[in-house]
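A.B. asks: Return a 3D structure for these sequence lines:
(one chain, ligands or ions: 2)
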Amino acid sequence: MRVFAHRGYSGLYPENTMLAFEKAREAGCKSMELDVHLSKDGELVIIHDEMLDRTTNAKGLVCSYMLSELQAINAGTNENFQGIPCLDEYCQWAKQYGIFTNIEIKTNLMYYPGIEDKLLAMLKLYGLVEQTLISSFNHGSVIRMKQLCPEIQCAFLVGGRGLANAGSYAKNFSVEYYHPDGAFLTKAHVDECKAQGVGVNVWTIDDLGLLSKMTSWKVDGVFTNHCAPVMKLLGETHA
Ligand code: G3P
Ligand code: MG
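C.D. replies: Ligands and ions are numbered 1, 2, ... in the order given. This next block holds a predicted model:
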């Protein structure tokens, strides 16, 4: 089972920072999940929310700041400054360490014209297309990415109770994975995806009881904020 460090090792370190990604890698995790938005000057930046307020020392919309300004904003702690990372910086790091990445395009609330094209261009620049899985709650972004690059692996993200026929829905768009909310997932949903040849990666699994249920259902991967204990519990079965 693949273990994705959700926003890096976000259970112990500031989410979506290079520190959180590096700490996950040091813990032995080879797969990361991160979220991308566009800056005012159209650069890809790594942060979860559309607003800076929750995770940084600044306020306002991410897209109202230039990249250079975002890099000077603290997404870390008072003791340990961590600028908001640009995807370029992350790609250099991921390439260096052979990291597999689920990049979530955060276009569910904001519309960032051309974000899929920019993302693909960067992945091609770093030779990371094969080591990347693209997802979004905005299925239009996923379908756009598939149109631009049929060989890049993609996933439909869904919240709440999910989709009844997620497997056939994803297969219809040649989308390889379904990313449901583990709190609502049922074995029937997993089995339907498997029957259609669609993989299932589940978020966000920090509860070890829920993890053992996902293991018994043979899901392909889990996203967790606590990658070290999850990998320890899975032993040799984690990728
Ligand atoms: O991609 C899985 C998960 O990250 C989706 O939800 O809100 O944590 O980005 P969120
Ligand atoms: Mg995410």
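A.B. asks: and the residue in the chain positioned nearest to ligand 2, what does it touch?
C.D. replies: Relative to ligand 2, the nearest point of the chain is E104 (3.9 Å; Cβ to the ion). C-beta here means a position set from N, CA and C on the backbone, and glycine is covered the same way. Residues in contact with E104 (Cβ atoms under 8 Å, 6 or more residues apart in numbering) are E33, L34, D35, V36, S135, S136, L157.
A.B. asks: can you put those in CSV and add pLDDT and neighbour count?
C.D. replies: Below are these laid out as CSV (pLDDT from 0 to 100; neighbours: other Cβ atoms under 10 Å):
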residue, pLDDT, neighbour count
E33, 98, 27
L34, 98, 25
D35, 98, 20
V36, 98, 26
S135, 98, 26
S136, 98, 26
L157, 98, 23
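A.B. asks: Dump these into JSON lines; add secondary structure as well.
C.D. replies: Shown next, in JSON lines, are the contacts of E104 (DSSP: H, G, I helix; E, B strand; the rest coil):
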{"residue": "E33", "secondary structure": "strand"}
{"residue": "L34", "secondary structure": "strand"}
{"residue": "D35", "secondary structure": "strand"}
{"residue": "V36", "secondary structure": "strand"}
{"residue": "S135", "secondary structure": "strand"}
{"residue": "S136", "secondary structure": "strand"}
{"residue": "L157", "secondary structure": "strand"}
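A.B. asks: beta partners of the most centrally placed residue in the chain?
C.D. replies: Centroid check for the chain by Cα atoms, centre = their mean gives E33 as the closest residue, at 3.1 Å. On the basis of DSSP bridges, E33 is bridged to H6, N102.
A.B. asks: I figured it was touching Y9, is that so?
C.D. replies: No. Counting by Cβ atoms under 8 Å, E33 does not reach Y9; the two are 11.2 Å apart.
A.B. asks: The closest residue to ligand 1 within the chain and L148, how far apart?
C.D. replies: Across the chain, no residue is closer to ligand 1 than W203, which sits at 3.8 Å (Cβ to the nearest ligand atom). Separation of W203 from L148 (Cβ to Cβ, to the nearest Å): 25 Å.
A.B. asks: Then E79?
C.D. replies: Taking Cβ to Cβ, one finds E79 at 42 Å from L148.
A.B. asks: got the residues of this structure near ligand 2?
C.D. replies: D35, E104 (Cβ under 5 Å from the ion).
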